[in-house]
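Undergrad: Sequence below, structure please.
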Amino acid sequence: MSILITGGTGFIGVGLAHRLVEKGEDVVLFDIAPNSQRAAGIKGNVKIVPGDLKVWPEVMNVVKDNHVTGIFHLGSMLSLPSEENPWASFQTNVAGTMYVLEAARLFNVKRLVFSSTAATYGLGIGEVVTDETLQRPINMYGAGKLYGELLGRFYHRKFGLDFRALRYLAVMGPGVKTMAITQYNAWMVENAALGKPFECFVTRETAIPVIYIKDAIRAAEMLYDAPLEQVGTMCYNISGVSPAQSAGELEKAVKKFIPDARITYKPDRVAMELMQSLPIKVLDDSRARQEWGWQPLYDSYDKVVKDFIQEVKTRPEFYGLT
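TA: Predicted coordinates:
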């Protein structure tokens, strides 16, 4: 019996894998481009399976062959790549999620946690978004993730699958290589910690709620472990530093720890258009707090930046920064 993580050597996946191994779980990491360096510390305790969510036999086989009883479905194409290649995004984020859900149904997986996004909100939203806000996404990434949420709800109703989802907005932590519109915050801190200049691709005033990587991992683990009777909402907003603080405020936090950090601004048109389509200042996660006890440990830029810099300086090889 094992737990499967799709996107298993990715940003959230590999950190989650470390947590599960510490708890004595058998873990299988499924990834289209496995990063064995990130899993080096647990290599003897996990099974890494190269595979593509777009290829349904590979999804079915990894679940069947490893007697999977639980799934964290984290693998996906992110926002900017999805805008640039919506056809591949559909195959990965929509068809791939259908394949994961169908594998869970066919092979009696007991529980599935899905990584969704606040980009499922769009048209007509204000600065405060709750779990009851109407979801009308306006970009390919958000549309695909919303379809995944709705498929999961259908599989729960039709087949009894214990489906749960977390809507992240901006997950912030070291070592991210894939371009996404919210990654300016992580790269600002990371480059400063490495002594490198950073040209920020949004304006100084741009603000978005963020969650630190350690809190993002802990939230996924908490939701998976929550008793079924406490999971009434099923798909949850989740946040850390909220209300949103600006890129300029993040720069101030960075310079408290690294006074000579070199940060400039050159807004990118496409990134700004996407950011302006998400005017969210508060991602209300009160349902998660009420139902299964969610509470972020890193709820300010100062707490996030302090730990972030420490991680970069003490474990650069883990994050692929050497």
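
Undergrad: list the helices and strands the longest helix along the chain packs on?
TA: In the chain, with assignment by DSSP state H, the single longest helix is helix 140-159. In terms of contacts (3 or more Cβ pairs under 8 Å, 6 or more residues apart in numbering; DSSP states H and E), helix 140-159 is packed against helix 79-84, helix 86-89, helix 96-106, strand 111-117, strand 162-168, strand 235-237. Any C-beta I mention is one placed from the backbone N, CA and C, and that applies to glycine too.

Undergrad: try 7 Å
TA: Contacts defined by 3 or more Cβ pairs under 7 Å, 6 or more residues apart in numbering; DSSP states H and E place helix 140-159 against helix 79-84, helix 86-89, helix 96-106, strand 111-117, strand 162-168.

Undergrad: name the element Phe308 belongs to?
TA: helix 301-314 (DSSP states H and E).

Undergrad: tell me which residues in that helix are buried?
TA: 301, 303-309, 311-312 (16 or more other Cβ atoms under 10 Å).

Undergrad: pLDDT averaged over that helix - what is it?
TA: Mean per-residue pLDDT for helix 301-314: 97.

Undergrad: Distance from it to the middle of the chain?
TA: Distance of helix 301-314 from its chain centroid, counting by Cα atoms, centre = their mean, to the nearest Å, is 19 Å.

Undergrad: Dump the C-alpha coordinates for it into PDB.
TA: Provided in PDB are the C-alpha atoms of helix 301-314 (Å, rounded to 0.1, in the frame of the first residue of the first chain):
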ATOM      1  CA  TYR A 301       6.600  38.700   5.100                       C
ATOM      2  CA  ASP A 302       9.200  39.000   7.900                       C
ATOM      3  CA  LYS A 303       8.600  35.400   9.000                       C
ATOM      4  CA  VAL A 304       8.600  34.100   5.400                       C
ATOM      5  CA  VAL A 305      11.700  36.000   4.300                       C
ATOM      6  CA  LYS A 306      13.700  35.100   7.400                       C
ATOM      7  CA  ASP A 307      13.100  31.300   6.900                       C
ATOM      8  CA  PHE A 308      13.500  31.600   3.100                       C
ATOM      9  CA  ILE A 309      16.900  33.100   3.400                       C
ATOM     10  CA  GLN A 310      18.000  30.500   6.000                       C
ATOM     11  CA  GLU A 311      16.900  27.700   3.600                       C
ATOM     12  CA  VAL A 312      18.800  29.200   0.700                       C
ATOM     13  CA  LYS A 313      22.000  29.600   2.700                       C
ATOM     14  CA  THR A 314      21.900  26.300   4.500                       C
END
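
Undergrad: Which neighbouring elements make contact with that helix?
TA: Taking 3+ Cβ pairs under 7 Å, 6+ apart as the contact cut, helix 301-314 packs with helix 184-193, strand 241-246, helix 247-257.

Undergrad: Distance of Gly142 relative to Ile181?
TA: 12 Å (Cβ to Cβ, to the nearest Å).

Undergrad: what's near enough to touch Leu134?
TA: Gly124 (Cβ atoms under 7 Å, 6 or more residues apart in numbering).

Undergrad: And it, how close does it get to Gly122?
TA: Taken as Cβ to Cβ, the span from Leu134 to Gly122 is 9 Å.

Undergrad: Likewise for Arg136?
TA: From Arg136 to Gly122 the distance is 5 Å (Cβ to Cβ).

Undergrad: Name the residue in the two with the higher neighbour count.
TA: Between Arg136 and Gly122, Gly122 has the larger neighbour count (other Cβ atoms under 10 Å), namely 18 against 14.

Undergrad: got the angle for the strand or helix carrying His18 vs strand 111-117?
TA: Assigned by DSSP H and E, His18 falls within helix 13-22. Counting by axes from the mean of the first three to the mean of the last three Cα atoms, to 10 degrees, helix 13-22 lies at 150 degrees to strand 111-117.

Undergrad: and helix 13-22, C-alpha only, in CSV?
TA: Taking Å, rounded to 0.1, in the frame of the first residue of the first chain, the C-alpha atoms of helix 13-22 are listed here in CSV:
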residue,chain,number,x,y,z
GLY,A,13,5.6,17.5,-4.1
VAL,A,14,9.1,16.7,-3.0
GLY,A,15,8.7,18.6,0.3
LEU,A,16,5.5,16.7,0.9
ALA,A,17,7.3,13.4,0.1
HIS,A,18,9.9,14.1,2.8
ARG,A,19,7.0,14.7,5.4
LEU,A,20,5.3,11.4,4.4
VAL,A,21,8.5,9.4,4.6
GLU,A,22,9.1,10.8,8.1
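
Undergrad: Buried ones in the helix or strand just after that helix, by neighbour count?
TA: Downstream of helix 13-22, the next assigned helix or strand under DSSP H and E is strand 27-31. Of all the residues in strand 27-31, those buried under the rule 16+ other Cβ under 10 Å are 27-31.
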